[in-house]
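Participant: Fold the following for me, if possible:
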Amino acid sequence: MNRYHLSWIIILLLLFTSCAKQESVAQQPYEEPMSERFEFFPLDMQLRTTLTPQEEEVIIHKGTEWAFRGAYTDLEEEGTYYCKWCGSPLYSSDSKFHSGCGWPSFDEELPFAVTRHPDPDGSRTEIVCATCEGHLGHVFLGERFTEKDTRHCVNSISLVFRSGPPVAQAIFAGGCFWGVEHLFAQKDGVYSAVSGYTGGTTENPSYQDVLTHSTGHLEAVRVLYNPLVISYEELAKYFFEIHDPTQANGQGPDIGNQYLSAVFYRSRHEFEVAVRLIGLLEAKGLGIATTLRPASTFYVAEEYHQDYYERKGTLPYCHAYTKRF
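Facilitator: Okay, the predicted model is just below:
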């Protein structure tokens with residue numbers, strides 16, 4: 001074989017290899033980055049309490065109420081302190097102590113309940129509700145009031161006190177709400193699971209309204225739980241394990257837009273947990289159809305939908321536990 005023929009063989013081989021590589025690249029599926037696939041939206045204003053002018057001055061405009069005049073400065077009752085603006089649990093009375101500063105003091109917040117932001121001048125660190133970003137006060141370290149060496153100095157006007165342990169909420173949609181409700185109600189740390197409708201445009205829809213597929217609502221379940229017993233991440237993992245998150249048109253034999261899989265988040269923490277769990281499942285080869293949506297008004301379903309399987313004495317027909325994490 002002369003050099004001329006050898007040169008042409010080499011050129012043809014290079015061309016073939018190049019084409020094969022281009023075809024391989026073209027056949028690879030496009031994977032949209034999580035940051036583009038899911039977008040975070042702050043808590044809807046409809047889910048926030050209407051504030052008085054005095055409350056707005058502190059909670060929205062970051063003012064400070066007078067020292068020693070707040071309703072909760074010297075309160076010693078056992079219970080939980082909630083955000084005035086959105087109702088999320090923030091502090092347990094177990095973490096409250098007297099600092100003599102003139103405002104309620106806490107040495108620890110409930111898990112993922114409070115966010116810290118440096119003040120613009122860098123002199124102090126502001127604390128806000130992690131759900132609605134309502135202003136609470138400031139946090140100080142190194143004062144040695146308690147073993148935790150932390151003092152959350154909080155305006156009473158930013159809080160609502162309720163007796164009893166903390167009650168947080170989470171909302172999930174995973175097909176027919178009967179099965180989702182039934183399985184969540186059995187989890188330790190869950191106070192209650194309630195069937196309802198959310199995510200649509202029609203106010204106070206009935207079951208018959210939702211069946212028309214025109215309201216935009218999904219059948220969903222509101223889970224009330226103790227964040228000191230079970231975390232939101234544990235609940236979200238369980239949600240992905242009690243229904244098929246890969247089904248895009250419904251759940252099991254129930255087909256329709258009211259049966260879609262969705263997580264309705266209230267805070268950035270809930271949003272980020274859901275994004276991370278979807279990433280873990282897709283890394284295992286699952287094509288997740290679950291959507292992430294900002295929480296909206298939750299309408300409790302008719303009484304005959306509540307505790308359906310408990311009253312019937314049967315088990316869910318399309319929901320069962322499958323370990324995925």
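
Participant: Spatially nearest residue to P316, not counting backbone neighbours?
Facilitator: G179 (3.2 Å; C-beta to C-beta, 6 or more residues apart in numbering). C-beta coordinates here come from the backbone N, C-alpha and C atoms, glycine included.

Participant: Hmm, the one you found is touching K312, no?
Facilitator: No - using C-beta atoms under 8 Å, G179 is not in contact with K312; the gap is 11.8 Å.

Participant: and the two? which has more neighbours close in?
Facilitator: Between G179 and K312, counting by other C-beta atoms under 10 Å, G179 is the more crowded of the two (24 against 10).

Participant: Check which element follows the helix or strand where the more buried one lies along the chain.
Facilitator: Of the helices and strands defined by DSSP states H and E, G179 is found in helix 177-184. From helix 177-184 onward toward the C-terminus, using DSSP H and E, the following helix or strand is strand 190-198.

Participant: Give me the mean pLDDT for the helix holding G179.
Facilitator: Helix 177-184 shows a mean pLDDT of 98.

Participant: Off-centre distance for that helix?
Facilitator: 18 Å (C-alpha atoms, centre = their mean, to the nearest Å).

Participant: how far off strand 190-198 does that helix point, in degrees?
Facilitator: 160 degrees (axes from the mean of the first three to the mean of the last three C-alpha atoms, to 10 degrees).

Participant: Can you spell out which helices and strands pack onto helix 177-184?
Facilitator: strand 168-174, strand 190-198, strand 218-225, helix 232-241, helix 308-312 (3 or more C-beta pairs under 8 Å, 6 or more residues apart in numbering; DSSP states H and E).

Participant: again, only using 6 Å
Facilitator: Here helix 177-184 is seen to pack against strand 190-198, strand 218-225 when contacts are counted using 3 or more C-beta pairs under 6 Å, 6 or more residues apart in numbering; DSSP states H and E.

Participant: which one of the ones you listed has the most crowded surroundings?
Facilitator: strand 218-225 (a mean of 24; mean count of other C-beta atoms under 10 Å).

Participant: and that one, what other elements does it pack with?
Facilitator: With contacts taken as 3+ C-beta pairs under 6 Å, 6+ apart, strand 218-225 sits against strand 168-174, helix 177-184, strand 190-198.

Participant: wait, which of the ones you listed is closest to L136?
Facilitator: The closest of the helices and strands packed on strand 218-225 to L136 is strand 168-174. By C-beta to C-beta, the value is 16.9 Å.

Participant: The closest one relative to helix 232-241, how many degrees between them?
Facilitator: 20 degrees.

Participant: Need the contact partners of strand 168-174.
Facilitator: For strand 168-174, contacts defined as C-beta atoms under 6 Å, 6 or more residues apart in numbering pick out 89, 180, 218, 220-225, 227, 232, 235, 239, 243, 261-262, 264, 295.

Participant: again, but for stretch 72-88
Facilitator: 48-49, 59, 89-93, 104, 129, 131-132, 134, 156, 158-164, 166.

Participant: Beta-bridge partners for Y81, please?
Facilitator: On the basis of DSSP bridges, Y81 takes part in beta bridges with Y91, F161.

Participant: Mind pulling up the pLDDT for it?
Facilitator: Y81 is given a pLDDT of 98.
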